[in-house]
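Colleague: Here is a sequence with its predicted model. Questions after.
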Amino acid sequence: QVQLVESGGGLVQAGGSLRLSCVVSGLAFSRYAMGWFRQAPGKEREFVAATSRSGLSVDYVDSVKGRFTISRDNAQNMLYLQMNSLKPEDTAVYYCAADRDYPISEGGMDYWGKGTLVTVSS
């Protein structure tokens, strides 16, 4: 059974930092590209960041470039999202997801976690 479990969300003040983690089990982690998505209240889910199978290629939505860093540890089956200089507009439920292909696309993701809530206060 494939499981993706996010953690690390919480309440933080604007300008602060959080590190999200996603532990993956039940699949060959190193064979999957991975991504982070988020869904803010009342809005559609959007792409945040992606990493290739090796971690050598990454991509970000423009609104988080320079503030967020995606990384992975294939030996530990872990995906991370380091979020710095957080803004109230970053408030959302953050999801990790796995895709056999890279570049990834939201509609093409094979597996999803249940999400972790990040709330940024002003």
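Modeller: Done, it's in. If you're wondering where the values come from, they're calculated on a predicted model, not measured in any experiment.

Colleague: what secondary structure does the residue most central in space within the chain sit in?
Modeller: The C-alpha lying nearest the average C-alpha coordinate of the chain belongs to W36 (C-alpha atoms, centre = their mean; 2.4 Å). Of the three states, W36 takes strand under DSSP: H, G, I helix; E, B strand; the rest coil.

Colleague: pLDDT score assigned to it?
Modeller: With respect to pLDDT, W36 scores 98.

Colleague: need the contact list for it.
Modeller: By C-beta atoms under 8 Å, 6 or more residues apart in numbering, the contact list for W36 reads L20, C22, V48, A49, A50, I70, L79, L81, Y94, Y95, C96, A97. Every C-beta, even on glycine, is put in place using the N, C-alpha and C of the backbone.

Colleague: which residues in this structure form strands?
Modeller: Per DSSP state E, the chain carries strands over the ranges 3-7, 10-13, 18-25, 33-39, 46-51, 58-60, 68-73, 78-83, 92-99, 111-112, 116-121.

Colleague: just how off-centre is the shortest one within its chain?
Modeller: Think strand 111-112. Counting by C-alpha atoms, centre = their mean, to the nearest Å, strand 111-112 is centred 12 Å from the centre of its parent chain.

Colleague: as a whole number, average confidence for it?
Modeller: Average pLDDT, strand 111-112: 97.

Colleague: Distance of the residue nearest to the centre of the chain relative to S122?
Modeller: According to C-beta to C-beta, to the nearest Å, W36 and S122 sit 23 Å apart.

Colleague: what's the answer for K114, then?
Modeller: According to C-beta to C-beta, K114 and S122 sit 27 Å apart.

Colleague: ditto for S63
Modeller: Applying C-beta to C-beta, the value for S63 to S122 is 17 Å.

Colleague: buried residues in stretch 43-61?
Modeller: R45, F47, V48, A49, A50, T51, S52, R53, G55, D59, Y60 (16 or more other C-beta atoms under 10 Å).

Colleague: go on, stretch 88-95?
Modeller: Buried residues in stretch 88-95, counted by 16+ other C-beta under 10 Å: D90, T91, A92, V93, Y94, Y95.

Colleague: No further queries at this time; thank you.
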